[in-house]
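A.B. asks: Sequence first, predicted coordinates after that:
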Amino acid sequence: MHDDKVFERFAVVQCLKPVDLGFDEIEDGIVDGTTDGGVDAVFTTVNDMLVEPDSPFLEANSDAIAGLSRNFDLRLHIVQSKNQTSWAESVWEKLLSALPELISLESDFDEIRGRVKSEVVDRFDIFRSLLLNTASRFPLVTVRVFYVSKGIAANRTKSLTAKATKVGEALQSVLPSKASVETVHVGVEELYERTGWAISKPATLRFRDLVEVDGAVLGVATIQSFLEFIRDEFGVLRQDIFDANVRDYEGKNAVNGSILATLSEPEATPLLVAEQRGDRDRG
């Protein structure tokens, strides 16, 4: 892989922390190329969970949307990286010409596709669809635009900063009034700092009882302890716990229906026993 491509993927990982992206998820979000509007990568997250094109969040009136809390976090992450030791004002100029219409709900995406590659438009459409579908949940909307290079902070001029501010103002004008827009320069110092950031934090699962059977240990935990284990300090589901083979709830669909049917069979073997007693009278 060319050095520019490696740097691009490294930049995406650092800019999206604490969102934990897999290799395929990174590749799907990278859209750079001819007629990319000055955008290298685009990602939409809900409560720090990546939203993919097949997400139930993109289905209007879905159970997934109904399960979202009021004022959940909806974020759009836009990354432009340059494997260079300098800063270029042209980066913000290109973004200024493309981003407002890619984000605006009033834009005609069919018309835009004639000027901007479809992969770019599709990634922005995820954000726009979520913004529309979840309006009744009053999401806290944040748009973050990152310009990443190997340049040092001392070489960022006032003119460069002013152009970044102008992009932020243009995006603010096409977003809901309470939306937040951040235009961020990430240079070599910031990259070094971000590299040290952990994507996930240790979690502790408290057991009421531990039973050893034939060399295996069976733990009994209350529902409250289990929920505290799989959620962070803000009550948001910890996606780093759920590996590719562990399902979290994705609404009513064929797979979940089949799982329910299997567990409902009399001869089905229980896979998980959760006890909702013990802590209720404590504290």
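C.D. replies: Nice, I can see it.

A.B. asks: For the stretch 1-150 of the chain, just list every one of the strands.
C.D. replies: With DSSP state E, counting those that start in this stretch as the criterion, the stretch 1-150 of the chain has strands at 41-46, 49-50, 73-81, 140-148.

A.B. asks: for those, which one sits closest to Ala154?
C.D. replies: Proximity to Ala154 (Cβ to Cβ) singles out strand 140-148 among these, at 16.0 Å. C-beta here means a position set from N, CA and C on the backbone, and glycine is covered the same way.

A.B. asks: just checking, next helix/strand downstream of that closest one?
C.D. replies: helix 158-172 (DSSP states H and E).

A.B. asks: In terms of secondary structure, what does that next one contact?
C.D. replies: Using 3 or more Cβ pairs under 8 Å, 6 or more residues apart in numbering; DSSP states H and E, the elements in contact with helix 158-172 are helix 89-103, strand 140-148, strand 180-186.

A.B. asks: okay, those, which one's buried deepest?
C.D. replies: strand 140-148 (a mean of 21; mean count of other Cβ atoms under 10 Å).

A.B. asks: tell me the pLDDT at Gly219?
C.D. replies: Here the pLDDT value assigned to Gly219 is 85.

A.B. asks: Leaving out the residues flanking it, which one is nearest to it?
C.D. replies: Phe207 (4.1 Å; Cβ to Cβ, 6 or more residues apart in numbering).

A.B. asks: got the contact list for that neighbour?
C.D. replies: Gly219, Val220, Ala221, Ser225 (Cβ atoms under 8 Å, 6 or more residues apart in numbering).

A.B. asks: got it, and Leu50?
C.D. replies: Leu50 neighbours (Cβ under 8 Å, 6+ apart): Val19, Leu21, Glu25, Phe43, Thr44, Gln239.

A.B. asks: any chance of the residues you listed in TSV, plus neighbour count?
C.D. replies: Output for the contacts of Leu50, formatted as TSV (neighbours: other Cβ atoms under 10 Å):
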residue	neighbour count
Val19	19
Leu21	19
Glu25	15
Phe43	26
Thr44	25
Gln239	20
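
A.B. asks: And those, which is closest to Gln172?
C.D. replies: Once Cβ to Cβ is applied, the member of those that ends up nearest Gln172 is Thr44, at 18.1 Å.

A.B. asks: Is the closest one bridged to anything, and to what?
C.D. replies: Leu76 (DSSP bridges).

A.B. asks: Against Ala221, how distant is it?
C.D. replies: With distances taken as Cβ to Cβ, to the nearest Å, Thr44 is found 33 Å from Ala221.

A.B. asks: what's the answer for Lys94, then?
C.D. replies: For Lys94, the distance to Ala221 - Cβ to Cβ - is 52 Å.

A.B. asks: What pLDDT does the model give the residue of the chain positioned farthest from its centre?
C.D. replies: Distance from the centre of the chain peaks at Asp214, with 42.1 Å (Cα atoms, centre = their mean). With respect to pLDDT, Asp214 scores 81.

A.B. asks: what's around the closest residue to Asp209 other than its chain neighbours, how many residues?
C.D. replies: Leaving aside its sequence neighbours, Asp209 sits nearest to Val220 (Cβ to Cβ, 6+ apart; 4.5 Å). For Val220, the tally of surrounding residues (other Cβ atoms under 10 Å) stands at 15.

A.B. asks: remind me which residues of the chain are low pLDDT?
C.D. replies: Scanning the chain for pLDDT under 70 picks out 200-201, 233-256, 259, 263, 265-283.

A.B. asks: ok, which stretches of this protein are helices?
C.D. replies: Assigned by DSSP state H, the chain shows helices spanning 3-16, 23-29, 63-66, 89-103, 109-112, 118-133, 158-172, 188-195, 223-230, 254-264.
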